[in-house]
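K.L.:
Would you be able to build a 3D model of this:
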Amino acid sequence: MAGVLHDALGLLLKLLGCGLTCLRGALALNVGEADVELGEVRVYLVKAAAHAGGEDGHHLIDLGDHGVGGELNSIFSDSIAGSLHQGSTIMNNPNCTILWDNYNKLQPISLHMRTKTLRASMLMLLDAILMGVVVVIGAYAPRHRRHPVIGAVFLGATTLFLPIVSIIVTNIESVHDLIVSLLTEVECDDTSHLFLVFAWTGVVVAIGISASAVVAGDAREGRNNAPPVILLVKASWSAYLTFSSTTLYTSTALVQLFVIMFAKLFFKYATFYKARRSFALGRSPRLIAGYMDQLQQPVHDEHTASTPPPALIVMGEDKVQVEEQPRGYNLIQMPDDQGDGDLTRANNLVTLDRVWGLDDKDIILQTSTARPKDLCYSFALFKLLRCRFAKYTVSEAGFIKTSKFFRKTLLKDDDHYERVFGIIKDELSFINDYYYSSLPIYYTHPLLPAFGVTLSLWSIGYCLFLVVVLVDPTLRFFIYGDPGQIICWVKLKTQHCGDNDTTGFGPYGVFFRYGSLYYDMVPLYLAIAVLVLAEAREIVSYICSNWTKVALICHHVNQACWQRSRVVQKCICSLLKYRRCKLVNNWDDKMKQCSVLVLRRRKTPLLLCRLLRSLDTGKKVKVPNIVKAAIFETLKGESFTTEQVDHGAVWCIRPPSSPVPLSQYGCSGRQPAGYTILVWHMATSVFEVSQLPQPSDSDHKTVATHLSRYCTYLVTSRPELLPDDAEWCRNLYDQVKKDADRLLAKVQGVDLYDQLIRVLSADDSNHEVLRNGARLGKELVEDSMGWEKLARFWVEMILYVAPSENLEAHAEAISHGGELITLLWAMLAHAGITGRLDAAGVAAAAEEGRGVC
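P.N.:
Modelled structure (predicted):
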C-alpha cells in the first residue's frame, strides 16, 4: 500500500508542478509596442481594414506621439487618461476622433472578468488533479478504497467532478454573456476554449470507465460490484454540456470521442450482467458446490504409484444443463468417472482429468513457458476457493474429495516445492483478479476479449488523432504566443472619420484576450497520456493474463480441429510463452520482517537508525527459496497432522514441537499463539546474538530468523490472520515492545548476550514475555541447541497458525499483494488440513511423548 500511495503522490505532485508552471505563464507580463498584456487581459487598438494585408483583416493603428510603451502600464488605470481619453485623435487623421464609450464600460468589470477566468482555469487544474487521484486509485489500488481516508478521497474526487465541470462551462458562458450585455457591437470567440474543455472532459470520463473495477460475484460472496451509476451520469451530463453548445455540436472529433465513451460504458454494463448470470463466473460457487456433491472420487489401485486427478471443472459450465437444488445447482447429466466420455465432449465441459490426460508430446505442453496442466489445476482450485469465500464449508465445497490427489501427487514429489507454491500462487492471483479487477467478466464468451482489445485500440487511435488535431494550435501557441481562452473584438465610436461628420461605429476597435490556454492544453495532454497508458495496460492484461491462457488451453482440449492445425497450435504457444508480467501480477512473493529486539548503539548514524526502524515496522524481503523448501519438506511428512474422522475426515495440525521439551518457560501447552510467537521470537533473537556466524548453519538460520520475524509481523500488523483475538494481539505486542525499547537503551558496547540476559530477565517489572523469552534463549544457548531445531520449530509454527476461518482477512491480504500465511492457508485447505488440535488433542500428543508448546 505504501508503494501505491507513493506513486499516487508522485503523480499528483507532477500535476501540481505543471499547474504552477501554467500559472506562471498565464500571469507573465509581456508589454510590447503594439500590445499590452496584464494578467490575463491583452488589449490591441486595431483598425479593421478588409483591404489591408494585416493578419485576420486587421492592422494596428499608428498612435503617434501618444505611444504605448511608457503610459499603458495598466489597462484600466488613470495613466491611460493622458494619452487615450475621450476625444483622442489619430495622428494621421487629425479630424478623426475616437469616442471611448464602449471601452470605458469595461473598466468597472475588468477585474471581475479576470477573476472569473482565473477561477475557471484553477478549477480546471483542480479537476485534473482530482481525476488523477481517481485514476490512480481505480486502476492501481482498487482494493484500498475500503481504507477510510483513501475511500473519502476517492468519493470526494468522484463526486466533485461533475459540479466542477458544470461550473467551468457556466463560468465561460457567464463571462461571454457579461461582455455582450454591457457592450454594443462586440464579437467574442471562445470556441477553442470550449473544445479543449469538452475534449478533456470526455477523455477523463473515458479514463474513469477504463479504471473502474467491476465484480460479478455471487450473492453469498457479498462482493458484487456493478458498474457505478455515476459513470453513466458523468457520460450523459458531459455529452449534454458538449452538444448543447451551439458552436461545437457538429465537431467530428468530439462526436467520435463520445461514441467511444458510450461504447466502452455499454460494453462494460453488458458484460457485467452477462457475467453475473453466467454459471462460469457469477453463479459459479453454487454450481461448483452442487457439482462437488455429485462428484464421486475416482477409484484407483493402491499398488499404482500415481493417483488419478479428480474431475474438477475447469471451464465450460455455461454449456451444460443444470437444475436448481437446495445446495446449489446440479448437472442434469454428469460426466463419467474418467471424465472422457462422449457426454463430456458433447457438452464442452472441460474437467481437470481431461487436461491432465493430454499427451506429453503435445506441442503446446512442450513449447509453452507456463505449465498448462498446472495452470488449469490452479484455475480449478480457484473455483473451489471461491466456494469458501461464498461461505460454504470445507466439506460442502468438496475439498476433501480433492485433497488426496493434492497430497499424493504434489506433496510427494522430490524437490518440487516451486511447483506447489506456483500452483497456489496462480490460484490466489485468479482470486485477486476476480475480486479486484474487471478482467474476468470478459471471459463469458470467446469473442468478448477480442472486442475489448478492439475498443482499447480504438481509444488509443483516437488519442493519436486528437494529438494530431492539436499539433497546429500547439505550434501556434509556442510560435505566436498565447491566443487566450476568450477573444473579444469591441468596436469603438468615431466622429469626423468618414466622408461626413456623423458619429457612429467606425473601423476602430479594441481587441481583448482573457485567460490562458495553458490551463486547457496541459490538462488535456496529461489526460490523453493517461488514457493511452490505461488502454495499453488493458491490452497487455488480455495478452499476458492467465485467464486467456486457460481459455486457450480449454479450447485446445475441446476443438479437435485446433489439435490438428499446426498454425493454431503455434499461435497458442506464442501466447503461452508470455509470462504473467509485473504490470498485471499481483503476487509479489515477499514477506515482511518485524523484530522486538532491535539493538541501537548510541552513536548509530541517522541512516542506519532509519534502517533499524524499518525492521521495527515491517521491512519487506523476498521469501527465500530455502524457506519454501523447508515448509514443503514439513508438509510432505505426516507426523504433524492427525485425521479427525468425527469432523468429516479432515486433517488437523498438531502444535509445533519444542526444541527444549522440558523447559518451563516455553511449553505450557495452553498458551495463545500470539504469546507463544513472541516468547519464541525473543528466544530466537537472544540465541542469534550469542552465536557466531557458521557456514553450515546458514540455511537453517535463514529459515528460523525469517519465519520468526514474519510471525512477529503477523502479531503486530496482521493479527486477524492468527487464531487469537486481533485487538489482544496488538495490545500484547505494544506492551512488550514498549518494555523492550526501555530496557534495550541500557544495552551497549560488547558482551551483548550477557547484557541482554541480565537486563531482560532480572527485573520482575519486565513483561512476562521478555523474561520468559530471555530465559528460554539462555536455555537454548546452554543446551548447545543448533539452528536446525529452531528452523523446524518455526516452520511448524507458521503451519500451525495458518488454518483460519477468517475469510475476510485473507481476502484483504490477497488484495494487498498476498501474505505467505494466506498462501499456506490455501495450500493446507487443498491438502485437507483445515483445523488445529484442541486441548484434548494436545494432551494426546503429549502422551505420545512429543513436546508441544
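K.L.:
Where does pLDDT dip in the stretch 351-500 of the chain?
P.N.:
359-370, 413-415, 490-500 (pLDDT under 70).
K.L.:
same thing but 90
P.N.:
Along the stretch 351-500 of the chain, segments meeting pLDDT under 90 span 353-374, 391-419, 436-439, 445-446, 469-500.
K.L.:
Which stretches in it count as helices?
P.N.:
In the stretch 351-500 of the chain, helices defined by DSSP state H, counting those that start in this stretch lie at 352-356, 363-367, 372-389, 394-397, 399-405, 417-436, 447-480, listed in chain order.
K.L.:
Adding mean neighbour count and distance to residue 227, write those helices out as JSON lines.
P.N.:
Bear in mind the C-beta positions are built from the backbone N, C-alpha and C, glycine included. As requested, the helices of the stretch 351-500 of the chain are exported to JSON lines (neighbours: other CB atoms under 10 Å; distance: least, CB to CB, whole Å):
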{"stretch": "helix 352-356", "mean neighbour count": "22", "distance to residue 227": "33"}
{"stretch": "helix 363-367", "mean neighbour count": "15", "distance to residue 227": "36"}
{"stretch": "helix 372-389", "mean neighbour count": "24", "distance to residue 227": "21"}
{"stretch": "helix 394-397", "mean neighbour count": "20", "distance to residue 227": "29"}
{"stretch": "helix 399-405", "mean neighbour count": "21", "distance to residue 227": "33"}
{"stretch": "helix 417-436", "mean neighbour count": "21", "distance to residue 227": "15"}
{"stretch": "helix 447-480", "mean neighbour count": "15", "distance to residue 227": "14"}
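K.L.:
Same list (those helices) but as CSV, adding distance to residue 542.
P.N.:
Shown next, in CSV, are the helices of the stretch 351-500 of the chain (distance: least, CB to CB, whole Å):
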stretch, distance to residue 542
helix 352-356, 22
helix 363-367, 19
helix 372-389, 16
helix 394-397, 30
helix 399-405, 30
helix 417-436, 12
helix 447-480, 5
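K.L.:
out of those, nearest to residue 150?
P.N.:
Across the helices of the stretch 351-500 of the chain, the minimum distance to residue 150, taken as CB to CB, is reached by helix 417-436, at 14.0 Å.
K.L.:
Can you list the helices and strands that the closest one packs against?
P.N.:
helix 372-389, helix 546-558, helix 625-636, helix 807-815, helix 820-830 (3 or more CB pairs under 8 Å, 6 or more residues apart in numbering; DSSP states H and E).
K.L.:
what's the angle from the third one to helix 417-436?
P.N.:
Pointing back at helix 625-636 there. Angle between the axes of helix 625-636 and helix 417-436 is 90 degrees (criterion: axes from the mean of the first three to the mean of the last three CA atoms, to 10 degrees).
K.L.:
State the mean pLDDT of helix 625-636.
P.N.:
Averaged across helix 625-636, pLDDT comes to 91.
K.L.:
which outside residues touch it?
P.N.:
Outside helix 625-636, the residues within contact range by CB atoms under 8 Å, 6 or more residues apart in numbering are 411-412, 415-418, 420-421, 591, 640, 699, 702-703, 706-707, 791-792, 795-796, 798-799, 824, 827, 831.
K.L.:
Tell me which of these fall in strands.
P.N.:
residue 591 (DSSP state E).
K.L.:
Narrow the contacts of helix 625-636 to those that are buried.
P.N.:
The neighbour count (16 or more other CB atoms under 10 Å) marks 411, 417, 420-421, 591, 640, 699, 702-703, 706-707, 791-792, 795-796, 798-799, 824, 827, 831 as buried among those.
K.L.:
Residue ranges in the stretch 751-853 of the chain under the pLDDT threshold?
P.N.:
751-789, 804-806, 812-818, 831-853.
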